[in-house]
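> could you work out the structure for the sequence below:
(chains A and B)
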Amino acid sequence: MTVAFYIMAAIAVLGAVMAIALRNVVHAVFSVLLFFSALAGLFILLLAEFIAVVQVLVYIGSVGILMLFAIMLTTKVTGDPTRKLLSRGWAWGGLVSGALLLAFLVPLITQSKSESNSQLSNFNPSVKDLGLTLMDPYFASVGVIALLLTAGLIAAVVAASSASGE
Amino acid sequence: MTIGLNEFLVVSGLLFTIGFVGLLIRRNTLVLFMCLEIMLNGVNVALVAFSQFNGTMDGNLLVFFIITVAAAEVAVGLAILVALFRKRQTVYVQELNALKN
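Prediction:
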């Protein structure tokens, strides 16, 4: 468990860093896919198998492919070498996010570990439990999400076809 | 040494910060979308970890909703991006300044 966690975490962080550091956009998308699959591994370590499956299905299966299609439809994949990679004032951005990282990590590292959060509980939700919880207290949210997906579908079609109709 | 909640939260914070850095410093809109996805996934790790270590179901369901909203956001966002590229022939944020002035 420990070794698997560190391997997965290292792959995830590496994939994320490569995604923001590479100039070639297709390579960046592939490292994002690596990141997504490492996260699916972390979810399996956390005993959330169904979320891991959904992660593979939604992120690797559709979001990644959608991004590859967007690259195909828009820009040169290798990136324009005459352009600067970073935006103006990037140092301020780095500073702000360094402060954010400190704000995240300092409480986690300095606080003492209590016994309760140092081991996984025996909680192992089945997909059936998940579906029942989704239906009982979260039914209204499911409706809103369904509406949102429909609206997103229509909006995507309208936005993508409006420019070509002229 | 056993893996506790803190380790997962450290990974989650790291991933969120990496996505945030990318969002602030890169110029390519496609890369900005990827950074948004990285940030959302970092939050998902924290939510699933909280859910499992506390023995409640709510974090898992929240992750479902986040994944759904992220998928819808990517679909709409990339459609807008393609439409913008057809109109302006660029994907770089500093040239997408139609609302400036």
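> got the domain boundaries for chain A?
For chain A, automatic domain parsing gives the domain ranges A:1-79, A:126-166.
> nearest spatial neighbour of the residue nearest to the spatial centre of chain A, skipping sequence neighbours?
With distances taken as Cα atoms, centre = their mean, the residue of chain A nearest its centroid is residue A:36 (6.3 Å). In space, and not counting its chain neighbours, residue A:36 is closest to residue A:59: 4.3 Å by Cβ to Cβ, 6 or more residues apart in numbering or on different chains. From N, CA and C alone the C-beta is placed, and that goes for glycine too.
> could I get the pLDDT score of that neighbour?
Listed pLDDT for residue A:59 reads 92.
> same question for residue A:3.
For residue A:3, pLDDT reads 90.
> so what's the residue count around it?
8 (other Cβ atoms under 10 Å in any protein chain shown).
> tell me how far it lies from residue B:51.
24 Å (Cβ to Cβ, to the nearest Å).
> what's the answer for residue A:44, then?
14 Å.
> quick one on the thing from earlier: hey, least reliable of the domains of chain A by pLDDT?
domain A:126-166 (a mean of 85).
> in what helix or strand does the residue nearest to the centre of chain A lie?
helix A:25-45 (DSSP states H and E).
> on contacts alone, who are the packing partners of the very next helix or strand once past that helix?
Next helix or strand after helix A:25-45 toward the C-terminus (DSSP H and E): helix A:49-54. On a contact count with 3 or more Cβ pairs under 8 Å, 6 or more residues apart in numbering or on different chains; DSSP states H and E, helix A:49-54 meets helix A:25-45, helix B:58-88.
> for those, state which one has the densest average packing.
helix A:25-45 (a mean of 22; mean count of other Cβ atoms under 10 Å in any protein chain shown).
> rewinding a little: so which of the domains of chain A is the most packed in?
Highest mean neighbour count among those (mean count of other Cβ under 10 Å): domain A:1-79, a mean of 19.
> give me the angle between the top helix by length along chain A and helix B:58-88.
Assignment by DSSP state H gives helix A:139-162 as the longest helix of chain A. Counting by axes from the mean of the first three to the mean of the last three Cα atoms, to 10 degrees, helix A:139-162 lies at 10 degrees to helix B:58-88.
> contacts for helix A:139-162, please.
If you take Cβ atoms under 8 Å, 6 or more residues apart in numbering or on different chains as the criterion, helix A:139-162 is touched by A:134-135, B:61, B:65, B:68-69, B:71-73, B:75-76, B:78-80, B:82-83.
> at 10 Å instead, please
A:66, A:70, A:73, A:134-135, A:138, B:61-62, B:64-65, B:68-69, B:71-84, B:86-87 (Cβ atoms under 10 Å, 6 or more residues apart in numbering or on different chains).
> same question, stretch A:97-111
Here stretch A:97-111 has contacts from A:117, B:5-10, B:12-14, B:16-25, B:42, B:46, using Cβ under 10 Å, 6+ apart.
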